[in-house]
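Chemist: Below are the sequence and a predicted model; questions follow.
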Amino acid sequence: MASSASRFIKCVTVGDGAVGKTCMLICYTSNKFPTDYIPTVFDNFSANVVVEGTTVNLGLWDTAGINSTLTFYALSSMFKAPIYSQYGIEFSHQRQEDYNRLRPLSYRGADVFVLAFSLVSRASYENVLKKWIPELQHYAPGVPVVLVGTKL
């Protein structure tokens, strides 16, 4: 039986775009596998678990990944046709820069990070050391990181 005392843990997921961060969180919190892919900007999920008799509320923060091609795809899908204009490409890169600037705001107060990469994307794995670990060490030094491979 769980005690009435509870604890809150803030867990922030990071990783390249389209590696399965949102899918992983939806599966964990609802036991459902989403069939549609919709790029995430920011989202929050919550789950309660019992650890050694104590109820723990997991605040699961879902962040935008890095992937300018993905952002370009998302823009294209809004218009139901590929966007090849210079304006569309510039807008795409600007949006990615905005995500890169805003994403670290979600790191404050994190108790743990889940760093996801796709087992079928070498680039997402290479970005673990090239992009994600340096970013996390800069903005949240000392916070534990759990590395998760997705899409097996």
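Modeler: Structure's in. What do you need?

Chemist: ok, residue 149 - how many residues close by?
Modeler: 15 (other Cβ atoms under 10 Å). From N, CA and C alone the C-beta is placed, and that goes for glycine too.

Chemist: For it, what is the enclosing helix or strand?
Modeler: strand 145-150 (DSSP states H and E).

Chemist: Bridged to residue 146, which residues?
Modeler: Applying DSSP bridges to residue 146 gives these bridge partners: residue 114.

Chemist: pLDDT below threshold where in the chain?
Modeler: 1-5, 37-41, 67-97 (pLDDT under 70).

Chemist: what do you get if the cut-off is 90, keeping everything else the same?
Modeler: Low-confidence segments of the chain, defined by pLDDT under 90, span residues 1-6, 17-18, 20, 22-46, 63-103, 152.

Chemist: residue boundaries of the strands in this protein?
Modeler: With DSSP state E as the criterion, the chain has strands at 3-14, 42-51, 54-63, 112-118, 145-150.

Chemist: Including distance to residue 102, could those strands go into a markdown table?
Modeler: Formatted as a markdown table, the strands of the chain follow (distance: least, Cβ to Cβ, whole Å):
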| stretch | distance to residue 102 |
| --- | --- |
| strand 3-14 | 13 |
| strand 42-51 | 8 |
| strand 54-63 | 9 |
| strand 112-118 | 17 |
| strand 145-150 | 20 |
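
Chemist: and these, which is most packed in?
Modeler: Greatest average neighbour count among the strands of the chain goes to strand 112-118 (a mean of 21), per mean count of other Cβ atoms under 10 Å.

Chemist: circling back to that earlier point, helices or strands next to the strand holding residue 149 in the packing?
Modeler: Where contact means 3 or more Cβ pairs under 8 Å, 6 or more residues apart in numbering; DSSP states H and E, strand 145-150 is packed against helix 21-30, strand 112-118.

Chemist: Rebuild these as CSV, extending it with distance to residue 136.
Modeler: Output for these, formatted as CSV (distance: least, Cβ to Cβ, whole Å):
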stretch, distance to residue 136
helix 21-30, 14
strand 112-118, 6
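
Chemist: ok so, going back, tell me what angle the strand holding residue 149 forms with helix 21-30.
Modeler: Put simply, strand 145-150 runs at 100 degrees to helix 21-30, going by axes from the mean of the first three to the mean of the last three Cα atoms, to 10 degrees.

Chemist: With only the CA atoms kept, save strand 145-150 in CSV.
Modeler: Taking Å, rounded to 0.1, in the frame of the first residue of the first chain, the C-alpha atoms of strand 145-150 are listed here in CSV:
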residue,chain,number,x,y,z
VAL,A,145,20.7,11.6,-18.2
VAL,A,146,19.1,8.3,-19.2
LEU,A,147,20.0,7.3,-22.8
VAL,A,148,17.1,5.5,-24.6
GLY,A,149,17.3,3.9,-28.1
THR,A,150,14.0,3.8,-29.9
